[in-house]
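J.: I'll drop the sequence and a predicted model, then ask my questions.
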Amino acid sequence: MEPTDPETLCTYAARVSPPGAGGIGLIQILGPQALSVVMSCLRPRREGRNLTLEPDRPRLVRFMDGDELVDEVVVVCSEPSTEGSSVLISGHGGVRVVERILMSLERSGAVIREHLEAREVWNLSSPIEAAVMDSLPLAQTQRMAKWLIGQIAILFEAMKNCQVSISHDRTDDARSILEKLLQSHPRSRMLLDGIHVVIVGPPNSGKSTLANCLYEKPWSIESAEAGTTRDWVEHPIAIRGVPVSLADTAGLRQGCDALEQQALELSAPVIRRADVQLLVLDGSLATCPLSGHWFDSWLDERRVIVVLNKSDLGIRLETPEWMSQACWNSAVRISALQNHGVDAMGERMLQQVGLDSDFFNAPCIWDRSQYEAIEEILKFLNSHPQQAITEINRHFLAFPT
Ligand SMILES: Nc1nc2c(ncn2[C@@H]2O[C@H](COP(=O)(O)OP(=O)(O)OP(=O)(O)O)[C@@H](O)[C@H]2O)c(=O)[nH]1
Ligand SMILES: [Mg+2]
């Protein structure tokens, strides 16, 4: 791009905190006029005081839309460079407040962008670091944020090892590293998007009691009457810091009334798309009221965890004839009412989807473009090893100079 290109002279403003309402809203302004654009919207907190911004010194100021106060914000600017300045505004996170700040900045000359690339905002040293910074707003828990940040070093090292293997003609080692990374992608996505878990089972087995135990809130109605839950209920929770979307559903039974039938039909897609299906049975009963028909047509043995609930009353239930021995042998025993065994059940859920502790310390990829880059590198591996090394640099290790 020529230096006279108007694009290079633009001053941009964009929200850098995640979309939607939040505790704080962060807005970044970058470009040659960043400082003057922001200054034209600010006033000191006390009339008559001077308003100056010094690099890297945060100031609490008033952000104005004309004569109207929009918010009290913290503003910090960077040391100016040849491309201009970078200013970060931290205000309250209401959607409307952030929108009004952006509108005022636009009126003062900034061009509003939907998204700024991490590399434009931060001083980053590698594409891996840029991918981490781009995905950080998607981390729903502190553990997920730490896991992503840890990947800067872990993935970097794996890619360096891959390059060393290629340059020493150990192509198989390099292929193994790259293939493992491709396999990690669906699990990393689960960590960022959340695991979908559904609670299913016959009426009255304690599904809603278990859901409430995990929600830590009485969001689902519990009652001794069979057929209590109708519309399925879904809320986000975290299990050992892993985000989970947990759905409680209506009890599975045949010959129910029209309303219950409709509730069951509405639950079907939620049950079928879940990554984990917790099949909750009342373990204190002598016989299982659920017929094999439900298991065959609604559940998938690879995703099912059998949960024998009401262990506080003693477990009497024996293997239903339609259930495989493997499925029964790995059943977990809990008392949802007394919150016994529920933690261990959570651990089982994570293992079931391959999120054991090894996964958190292993290199992985989480972004579609990383996946495509590795597919491309694999293609070069045998025929053009030098090109594979270059592509690893380009996509993961170093920005072009
Ligand atoms: N003793 C004992 N009772 C439990 C336990 N879990 C649930 N219950 C009781 O079982 C009854 C049914 O519980 P719910 O959680 O409403 O059962 P559900 O499976 O959601 O029932 P539906 O919504 O009708 O399908 C209630 O009286 C609960 O208090 C448990 O672990 N031990
Ligand atoms: Mg219920």
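T.: Perfect, thanks for sending it. Ligands and ions are numbered 1, 2, ... in the order given.
J.: you'd agree residue 51 is up against residue 38?
T.: No - counting by C-beta atoms under 8 Å, residue 51 does not reach residue 38; the two are 10.7 Å apart. Just so you know, the C-beta spots here come from the backbone N, C-alpha and C atoms, and that holds for glycine as well.
J.: Looking at the two now, which is surrounded by more residues?
T.: Higher neighbour count among residue 51 and residue 38: residue 38, with 28 against 13, using other C-beta atoms under 10 Å.
J.: My reading is that the more buried one is in a helix; is that accurate?
T.: Yes - assessed with DSSP: H, G, I helix; E, B strand; the rest coil, residue 38 lies in a helix.
J.: where in this protein is pLDDT low?
T.: 1-8 (pLDDT under 70).
J.: List, one by one, the residues from the chain near ligand 2.
T.: 207-208, 228-229 (C-beta under 5 Å from the ion).
J.: In ChimeraX, how would I select just the buried ones from those?
T.: Listed next is the ChimeraX selection for buried residues among these, using 16 or more other C-beta atoms under 10 Å:
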select :207,208,228,229
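J.: ok, which pair from the residues of the chain next to ligand 2 is furthest apart?
T.: 207 and 228 (9.4 Å; C-beta to C-beta).
J.: picking that back up, wait, which of the residues of the chain next to ligand 2 is closest to residue 328?
T.: For the residues of the chain next to ligand 2, the nearest to residue 328 is residue 207 (19.0 Å; C-beta to C-beta).
J.: Report the contact partners of that closest one.
T.: Contacts of residue 207 were listed using C-beta atoms under 8 Å, 6 or more residues apart in numbering, and they are 199-201, 220, 229, 248-249, 251, 280.
J.: Can you sort out which of the residues of the chain next to ligand 2 also neighbour ligand 1?
T.: Checking these against ligand 1 by C-beta under 6 Å from any ligand atom, the ones in range are 207-208, 228-229.
J.: Between those, which sits nearest residue 63?
T.: For these, the minimum distance to residue 63 (C-beta to C-beta) is 46.3 Å, reached by residue 208.
J.: Spit out the contact partners of the closest residue to the closest one other than its chain neighbours.
T.: Distances taken as C-beta to C-beta, 6 or more residues apart in numbering put residue 220 closest to residue 208, at 3.9 Å, once the chain neighbours are dropped. Contact partners of residue 220, counting by C-beta under 8 Å, 6+ apart, are 207-208, 211-212, 229, 233, 248.
J.: State the helix or strand in which residue 220 lies.
T.: Counting by DSSP states H and E, there is no helix or strand that carries residue 220.
J.: Could you verify my assumption that residue 264 touches residue 254?
T.: No - if you go by C-beta under 8 Å, residue 264 and residue 254 don't touch, sitting 9.6 Å apart.
J.: and the two? which has more neighbours close in?
T.: residue 264 (21 against 9).
J.: Okay, residue 324 and ligand 1: tell me how far apart.
T.: Note on residue 324: its distance to ligand 1, by C-beta to the nearest ligand atom, to the nearest Å, is 23 Å.
J.: ok, that residue - contacts?
T.: residue 301 are the contacts of residue 324 under C-beta under 8 Å, 6+ apart.
J.: So which residues of this protein form strands?
T.: Applying DSSP state E to the chain gives strands spanning 12-15, 24-31, 42-43, 59-65, 68-77, 85-92, 111-112, 195-200, 233-239, 242-248, 276-282, 304-309, 332-333.
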